[in-house]
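Chemist: Pasting a predicted model and its sequence here:
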Protein chains: 4
Amino acid sequence: MTTLITGGTVVGPLGATPTDVLIDGETIAALYAPGVAAASGVTADKVVDAAGKYVVPGGVDVHTHMKLPFGGTFASDDFESGTRAAAWGGTTTIIDFAVQRTGEVVQDGLAAWHALADGNCAIDYGFHMIMGGIDDEALKAMDYLVEHEGITSFKLFMAYPGVFYSDDGQILRAMQKASDNGALIMMHAENGIAIDVLAAQAVARGDTDPVFHGITRPSALEGEATHRATVLAQVAGNTPLYFVHMSASEALAHVSAARGAGRNVFAETCPQYLYLTLEDQLGAPGFEGAKWVASPPLRPRDEPHRDDLWRGLRTDDLAVVSTDHCPFCFKDQKELGRGDFTKIPNGIGTVEHRMDLVYQGVATGRLSLERWVETCSTTPARMFGLYPKKGVIAPGSDADIVLYDPNAKTMIGAATHHMNLDHSAWEGFEIAGKVDTVFSRGTEIVAGGAFHGRAGHGQYLRRGLTQYLR
Amino acid sequence: MTTLITGGTVVGPLGATPTDVLIDGETIAALYAPGVAAASGVTADKVVDAAGKYVVPGGVDVHTHMKLPFGGTFASDDFESGTRAAAWGGTTTIIDFAVQRTGEVVQDGLAAWHALADGNCAIDYGFHMIMGGIDDEALKAMDYLVEHEGITSFKLFMAYPGVFYSDDGQILRAMQKASDNGALIMMHAENGIAIDVLAAQAVARGDTDPVFHGITRPSALEGEATHRATVLAQVAGNTPLYFVHMSASEALAHVSAARGAGRNVFAETCPQYLYLTLEDQLGAPGFEGAKWVASPPLRPRDEPHRDDLWRGLRTDDLAVVSTDHCPFCFKDQKELGRGDFTKIPNGIGTVEHRMDLVYQGVATGRLSLERWVETCSTTPARMFGLYPKKGVIAPGSDADIVLYDPNAKTMIGAATHHMNLDHSAWEGFEIAGKVDTVFSRGTEIVAGGAFHGRAGHGQYLRRGLTQYLR
Amino acid sequence: MTTLITGGTVVGPLGATPTDVLIDGETIAALYAPGVAAASGVTADKVVDAAGKYVVPGGVDVHTHMKLPFGGTFASDDFESGTRAAAWGGTTTIIDFAVQRTGEVVQDGLAAWHALADGNCAIDYGFHMIMGGIDDEALKAMDYLVEHEGITSFKLFMAYPGVFYSDDGQILRAMQKASDNGALIMMHAENGIAIDVLAAQAVARGDTDPVFHGITRPSALEGEATHRATVLAQVAGNTPLYFVHMSASEALAHVSAARGAGRNVFAETCPQYLYLTLEDQLGAPGFEGAKWVASPPLRPRDEPHRDDLWRGLRTDDLAVVSTDHCPFCFKDQKELGRGDFTKIPNGIGTVEHRMDLVYQGVATGRLSLERWVETCSTTPARMFGLYPKKGVIAPGSDADIVLYDPNAKTMIGAATHHMNLDHSAWEGFEIAGKVDTVFSRGTEIVAGGAFHGRAGHGQYLRRGLTQYLR
Amino acid sequence: MTTLITGGTVVGPLGATPTDVLIDGETIAALYAPGVAAASGVTADKVVDAAGKYVVPGGVDVHTHMKLPFGGTFASDDFESGTRAAAWGGTTTIIDFAVQRTGEVVQDGLAAWHALADGNCAIDYGFHMIMGGIDDEALKAMDYLVEHEGITSFKLFMAYPGVFYSDDGQILRAMQKASDNGALIMMHAENGIAIDVLAAQAVARGDTDPVFHGITRPSALEGEATHRATVLAQVAGNTPLYFVHMSASEALAHVSAARGAGRNVFAETCPQYLYLTLEDQLGAPGFEGAKWVASPPLRPRDEPHRDDLWRGLRTDDLAVVSTDHCPFCFKDQKELGRGDFTKIPNGIGTVEHRMDLVYQGVATGRLSLERWVETCSTTPARMFGLYPKKGVIAPGSDADIVLYDPNAKTMIGAATHHMNLDHSAWEGFEIAGKVDTVFSRGTEIVAGGAFHGRAGHGQYLRRGLTQYLR
Ligand SMILES: [Zn+2]
Ligand SMILES: [Zn+2]
Ligand SMILES: [Zn+2]
Ligand SMILES: [Zn+2]
Ligand SMILES: [Zn+2]
Ligand SMILES: [Zn+2]
Ligand SMILES: [Zn+2]
Ligand SMILES: [Zn+2]
């Protein structure tokens, strides 16, 4: 089966050029200058007219939590609903987090997550491994996963004492291992020990509304943990280090400094930190703000965080936009924390909207068209060892392709979204652009306003080492 | 005429991938995944086997001075000898500096340089304009050149009082104009007023050897001018600003700070600042050091400049490597300054060796393969409005292509080089790699150890605005 | 004649302690712990009860311009009226600026200023020398003044091209000289070349109101010049460098960085930059804003300048508060610039109010009591080679003493001030404190709400080298 | 009993001035300008001729550990021998650390230390409190000690997990308390959790020599902890924070940044970090290096730490020099760690040599005479609430006075020192200056090369809050 996409403008990190794309089976077979395919008699089983549209590599969302157990409940999207929603939004690859619970054998945790995903995904997927505790066994498992399982990135937590938390000694040991086997350490950087004191003090004095979730997690403590992790990575031997869900100016400043010094330090942010605020969303009247309880929290409106994060995306101090997709329904889930914000399940659902929300930055002049593709597709693929299979329109690459229409509009809301979620953190957002058609490994899974994919089409991705070192 | 390059590894800023390249006439017609061209019956007039070789976009050297008049003599390469030498070294585009002498009509200066180049170039070429004085006429000429002549970059000098020097008011006015018409200001950043005091003091006390050229141009004064120019560009309205031939840690630090703040500030360095030093070369016994007299000067060996510059290339604070090719023969030219270093013509000849010298950084682990292509070809093309015509292997681009052999070696020296120069600043350097074959707009101009090009093949390039804003 | 001041609290940079002070003739003879003088039978010709009052060293204002010629007119205070007003305000020493006009012999300029001051001053005074041009003769004069005239500080201008302006080469030469003879270089740091372009453009487009004086002198250009001067001082050999009238956050940041690196770099600010703004004063309706035209200008209200300057006073990055007293009457003087802000004489009159205005920072918690004395009296004396003769309450020091009443109030306004000025830049300011009694070299010159001094009491001070190096 | 010190030069932080000093009983009664005492007939029971000598306030060493239990043994100096040695060296006040062991009632720890010191000290003394664990009781005890016991500073440890270590939550709570009651938090800033991993790894691979004590405590981990503590203090509400025994450039840089931002952050260093190195002392052959095992460790010779620390003393980023006096004999004590550096008792004995070792910086031009007095006497007194009783030569202050002879010499070594220690960390050091005479509260305790003091002369000092805020 061959498909020829003609008349579109292929966009990559370096520029946008009119190019025709020939798909043969699951991969891209050839690229042609305009007119060449026709002139040289190239034929295809199907021809797709992409005139007026951007032809971009399918989105790569490297931070999702389908079905994550948290606070006695589970994230409301499973791999089927979550990957279908992702596809609707132009994302053709996710990397989800398999979890080793503290005390558990690492491989058992991985097996459990394979069981959740296997046969259920609409798009390709990989796993990072959350390490719930670093000991001699866990360090051996890191080698095993890199070598045999295609898992080359490991997430550690400086927050959540008693749950996922690793102390600085455990972090150092994991970093030494990564320094050795080339894996990437992913860090949730908030000083959870200090935060738990502040949260307990707030609850004790009766400050239990959702907004106190944000007030007790000040940005200074994200900055502190970020700095600490960069130092530990330096002591461990310039370990590749990737900060997840960066939300704070202070944290970004430490990343910029480390990068300016030539260190292998990287960071992602998420759409919620680019658009939403502590006052406007988390501080919504009554218990409404619970919809936006996530960690790190939304930041104060009058502080420079959002502007700094957009600038970080421009300067590449922020390399990636992911979603940290971790949806919990308001009813029965978010409501677990009525009267005590510390009991609200943490998470926001965005997997369907990432490509649109970042494109909105292009539409409003905050980001270049090239950086949109780079931060949402190319760099995530390179960062996590999937390039050039994913993240680029090039001969030999998987035919994960999105036709994006800059002249159409997208309205976001719970009534129309495809995530399994009874509300939307983005209700009422209107985007100046629209996902038109989505190919996953050569198969047209979204087109004409309908989903044509299927659970099980998506394959597990064994990943190589990060290609983003310098 | 069609040519198919098969079996090679195409290298770009994002990675290296096995890809076949079809050239049709002067441009690239198609790219194929390995095996696809054969399977689908693609034929070509000529097939080139690139197995084991890198297939890279032809080099773009954005800083050359063919036949430049300086201190009563002329740079020893003219456009014929200089572009031929460039081709030998894998460079397929140069941007030279047309000069408006103080008092002269800008367009007259440009016409003179067209006369020098027209019909003489082996490879394609463009011009920047050196502005010898900013007044109302000159500002109008800037608009004219951007709109009608394809000249979109203007060089100003904070050094050389009385020759090319512009004062801060003239610089500000030129920057305001560039802020308006989108042109790029290129800056020679050294505090020439202070340097002239130091140089005169040195000569007065009898310190006349070549090494005093370096001692009287301290790196702090390059840093100072660099900072000043970034502030003037900010006052003028975030004018796009590009520092030429950066040599000093202090200067780089100011560029890094401005870039971290999201400013449109860019810089290049040159191979001499990456490898050579004040003590080892400029301080050679007797008058020998005159070979390395250039401005800014080679920097002290025990200061961190070279390490910082390599790091800047990795972090993209330095975006481009150019040569500042400005050769003067030792005999009769450099010798003009015997007994008075201020009379030595300033310049070093490197146009032939840039691709090799930067590749040597790849061979020794200082730079990635991707950054080699990016700094020597892709970014220079994007920075100066030539992309995607130049700087990339993509359908529709000019077929400027270099096959680079990482397993061969290159020995550099005056006996073998092709520049019109009686010595080499790089005598004895051995490179772990070699330019094998060079295509310029589809024509094989270097192959099999011979030059097959011709004067006049090279065409003048009308350039667009810089594409490197953010 | 002996005077015993009893019951007061002596305040110095290190703390406040109850201490009795014995004056004998013109100097302080002894300090006693409370009760000791009485117990040991010390008698005095006069006993002053200072209960409830601070006993502080007389103020030292190191930046005044009595009778300065500027733009075709003269500052409205002469040495008689100006020093009398200073005394009223608790200042017992001024250092004024003698001027060498460009082309004039330095010593002739000094003689002219001696003629203005001699026999007219109510308090002691010294001179800095404004160098109107640096050449071989001027450099020799610098040595002469340091050695023979007690003039150890020299002011240069990076602003005012064509009037006081020195280019970077002249500045470098003067700094080399100062590096050699120990003198202090005082710098007016604004990029006057760039400012003149902006001012001319404003006038050309009809923006002629006083507020454009501020808009065309952006803080970035004070920052730029400040950085440049620190680099030139470094190249000259760690020359002691003192920035006058600092008004801008950017400038302060460069001073902080240089000081953090251990460089001999110092700065003063003035009350106007601590309290007044571009919008509130300089932007007053009609031509009213002319009252506040001074250079550098008042800064925009919503930028961080004022907070940063107060913080700089706390951290010692700003070492001194002076006034830059340079009064021009509104009528006939400021009015010279109606319709063209560039013709408004530059200057504000504050010599009478400095001690009060800075004490107001103590009253409102922005500054410690100790720093008030340190920035207004002790450090200026040490910085300019007058310590311990001036600036401290210590045995052997001149009996320049102020009794300051923290429980009284001071109302400022043209109706009550003693400066020769038809308006007040501080009209309506109310201070929570009051100068009660002032001694100059043992003589009570202000007491009981009356002036008891006389023109000619003040003596010329031959100064030593700065004592503030580190 | 009255004593008149005549003919000397009184030195304070602001300058040096010839002044006569009258002591009456335990305090300073009066200061006289030269000649005044004689002319006015002042008599005294004793007259001391200080001609040619500096008259300085007695040294204040705010960091000593007499009889500290550590690793199964006790520091070899008790309060008698230790304070006598201090007196020999010109130190007239120490502040020692009372210890609350984890689990112990704070007041019981304090009582134990009072029992050790009471009646045994040759000079005045105070206590800080080491908090071995922060819980509700401990927080109440902090209030009690500030209010009733004159203990206004509390030391916490980020190192030594399982012994003195506090986690970030405990630190935050203690800081909140200090923010409330005005106490000063003193911090041992090393990331002990990470260090313990490195130390265990070293021992496991057989790297057990003393030098590995230094190698496993890299300066980056002192920098990290320093940054973290400044952030926690900011979150707690600009808590006054004082870093003890700073040894590393990275740590100093964080302190400088916080201070530049106007934060109440302070630091001390110790003579060992100014002079000694990891290679030269800690890396001495065999087990010899054990003499210099202390935490933080001596730093690598070729890194910039020592130069940076001297510069920090000049710039006031380092406010105090203390000794961290904690002597252990080589025989039977240091030897406990043969074959395992982690078992070597940590500490160096310097209490006798501080004034000399810092004066050596004056003699060699690294520090001004004024800063010697300021860092060794005045600032420690102000920092810890003892000013003006201690730290200054002023009427009403305690007559703690040292006559220092800049023309004599001091040789340091175990054969001649007065500490109870079988070796000297400073063996062979020769100082260009000498303590001549020492007064403690009016009593001459060292004079004529002999000790005239007695155990029990020294009194306990109830201290006020720090006076060093800004
Ligand atoms: Zn997380
Ligand atoms: Zn997450
Ligand atoms: Zn140049
Ligand atoms: Zn050039
Ligand atoms: Zn001025
Ligand atoms: Zn002035
Ligand atoms: Zn300690
Ligand atoms: Zn200690």
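Modeler: Structure received. Ligands and ions are numbered 1, 2, ... in the order given.
Chemist: Check chain A for its longest strand and report it.
Modeler: Determined from DSSP state E, the single longest strand within chain A is strand A:91-99.
Chemist: What residues of that strand count as buried?
Modeler: Residues of strand A:91-99 classed as buried under the neighbour-count rule (16 or more other Cβ atoms under 10 Å in any protein chain shown) are A:91-99. (Glycine included, C-beta is placed from N, CA and C.)
Chemist: out of the residues you listed, which one sits closest to chain D?
Modeler: When the buried residues of strand A:91-99 are ranked by distance to chain D (Cβ to the nearest Cβ), A:V99 comes first, at 23.9 Å.
Chemist: Tell me the predicted confidence for the closest one.
Modeler: For A:V99, the pLDDT comes out at 96.
Chemist: ok, for it, nearest residue in space, not its chain neighbours?
Modeler: Sequence neighbours aside, A:I130 is the residue nearest to A:V99 in space, at 4.6 Å (criterion: Cβ to Cβ, 6 or more residues apart in numbering or on different chains).
Chemist: Now do the same contact list for the one you found.
Modeler: A:97-100, A:109, A:154-155, A:157, A:164 (Cβ atoms under 8 Å, 6 or more residues apart in numbering or on different chains).
Chemist: Which of the residues you listed sits closest to D:C270?
Modeler: Set against D:C270, the nearest of the contacts of A:I130 by Cβ to Cβ is A:F157 (37.0 Å).
Chemist: Helix, strand, or coil at A:V146?
Modeler: Recorded secondary structure, A:V146: helix (DSSP: H, G, I helix; E, B strand; the rest coil).
Chemist: And it, what's its pLDDT?
Modeler: 98.
Chemist: likewise A:P240?
Modeler: pLDDT at A:P240 comes out at 97.
Chemist: if I look at it, how far off is A:R259?
Modeler: 12 Å (Cβ to Cβ, to the nearest Å).
Chemist: Between those two, which contacts overlap?
Modeler: A:F266.
Chemist: Helices along chain A, start to end?
Modeler: Per DSSP state H, chain A carries helices over the ranges A:36-39, A:79-88, A:106-117, A:136-144, A:168-181, A:192-204, A:211-215, A:219-236, A:249-260, A:271-275, A:305-315, A:354-363, A:369-373, A:379-383.
Chemist: how about the last one, does it reach chain B?
Modeler: Spelled out, it's helix A:379-383. Yes: with Cβ under 8 Å from any Cβ of the partner chain as the criterion, chain B is reached by helix A:379-383 at A:R382.
Chemist: pLDDT (mean, whole number) over that helix?
Modeler: Here the average pLDDT along helix A:379-383 is 98.
Chemist: can you list contacts of it?
Modeler: Applying Cβ under 8 Å, 6+ apart, the contact partners of helix A:379-383 are A:13, A:57, A:60-62, A:93, A:95, A:184, A:242, A:266, A:319-320, A:322, A:386-392, A:466-468, B:14-15.
Chemist: what's the burial count for the closest residue to A:E250 other than its chain neighbours?
Modeler: Distances taken as Cβ to Cβ, 6+ apart put A:G223 closest to A:E250, at 2.7 Å, once the chain neighbours are dropped. Using other Cβ atoms under 10 Å in any protein chain shown, A:G223 has 24 neighbouring residues.
Chemist: can you pull the contacts of A:G223?
Modeler: A:248-251, A:253-254, D:231 are the contacts of A:G223 under Cβ under 8 Å, 6+ apart.
Chemist: what's the answer for A:F212, then?
Modeler: A:199, A:202, A:341.
Chemist: Surely A:V48 and A:V21 touch.
Modeler: No: A:V48 is not in contact with A:V21 according to Cβ atoms under 8 Å; the separation is 9.0 Å.
Chemist: Would you mind listing what in the stretch 151-300 of chain A touches chain D?
Modeler: A:167-169, A:171-173, A:191, A:193-194, A:196-198, A:218, A:220-221, A:223-224, A:227-228, A:231-232, A:234-235.
Chemist: Can you flag the buried ones in those?
Modeler: A:167-169, A:171-173, A:191, A:193-194, A:196-198, A:218, A:220-221, A:223-224, A:227-228, A:231-232, A:234-235.
Chemist: okay but A:M186 is in contact with A:T152, surely?
Modeler: No: taking Cβ under 8 Å as the definition, A:M186 is not a contact partner of A:T152, at 10.6 Å.
Chemist: Find the closest residue to chain C in chain A.
Modeler: A:P304 (12.4 Å).
Chemist: how near is that residue to A:D436?
Modeler: Distance, A:P304 to A:D436, using Cβ to Cβ: 36 Å.
Chemist: Could you check which of those two is surrounded by more residues?
Modeler: For the pair A:P304 and A:D436, the greater number of neighbours falls to A:D436 (21 against 13), based on other Cβ under 10 Å.
Chemist: Can you check the pLDDT for that one?
Modeler: With respect to pLDDT, A:D436 scores 98.
Chemist: From A:W88, how far out is it?
Modeler: To A:W88, A:D436 is 12 Å away according to Cβ to Cβ.
Chemist: Give the residues shared as contacts by these two.
Modeler: If you check A:D436 and A:W88 against Cβ under 8 Å, 6+ apart, no residue is contacted by both.
Chemist: still on that earlier bit, highest neighbour count among the contacts of A:F212?
Modeler: For the contacts of A:F212, neighbours tallied by other Cβ under 10 Å; top is A:F341, 25 neighbours.
Chemist: I'd say that residue and A:T208 touch.
Modeler: Yes: the pair A:F341 and A:T208 passes the contact test of Cβ under 8 Å, sitting 5.7 Å apart.
Chemist: what sits in contact with each of the two?
Modeler: A:A202.
Chemist: Count the neighbours of the closest residue in space to A:G132 that isn't next to it in sequence for me.
Modeler: Nearest non-adjacent residue to A:G132, counting by Cβ to Cβ, 6+ apart: A:T102, 4.1 Å away. By the criterion of other Cβ under 10 Å, A:T102 has 12 neighbours.
Chemist: Backbone torsions only: list them for A:G449.
Modeler: Dihedral pair for A:G449: phi 70, psi 20, per degrees, to the nearest 10.
Chemist: That concludes my questions; thank you for your assistance.
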